[in-house]
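1. let's see this in three dimensions:
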Amino acid sequence: QAQLVESGGGLVQPGGSLRLSCAASGFTLRYHDVGWFRQAPGKEREGVSCTSSSDGSTYYEDSVKGRFAISRDNTKNTLYLQMNSLQPEDTAVYYCRARFGDRYDYWGQGTQVTVSS
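-> Numbering: from 1, shown residues only. The predicted model follows:
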């Protein structure tokens, strides 16, 4: 059974860092386009960062550019999101996603990130 499981969320002070992990099972992550999304209370889910399986190109939402970094470890079948200089507006539930064209589309269950002093 294919699934994604996120981990690494938690409570952090403003200016702090967290690294989110997204472990894939039941399929090979390297062949999928992958990304991170987040949903804050009362807001729609938004894309944070993604990377292509074909050419490794990456995208970052403007507010996280220079602070967040997406990466994947194909030997561990895992996707990461390194988040630095976290701010209260980064507080949200973070989800990872893996897509293989229009055929397969997997989402994780989400991990809570709270930035507060």
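2. does residue 30 belong to a helix, a strand or coil?
-> Following DSSP: H, G, I helix; E, B strand; the rest coil, the label given to residue 30 is helix.
3. what pLDDT does it get?
-> Note for residue 30: predicted pLDDT of 92.
4. distance of the closest residue to it other than its chain neighbours from residue 31?
-> Nearest non-adjacent residue to residue 30, counting by Cβ to Cβ, 6 or more residues apart in numbering: residue 74, 4.4 Å away. C-beta: built from backbone N, CA, C; applies to glycine. Residue 74 is 10 Å from residue 31, where distance means Cβ to Cβ, to the nearest Å.
5. partners of the residue nearest in space to the middle of the chain in the sheet?
-> Residue closest to the average C-alpha location in the chain (Cα atoms, centre = their mean): residue 36, at 2.9 Å. Beta-bridge partners recorded for residue 36 (DSSP bridges): residue 49, residue 96.
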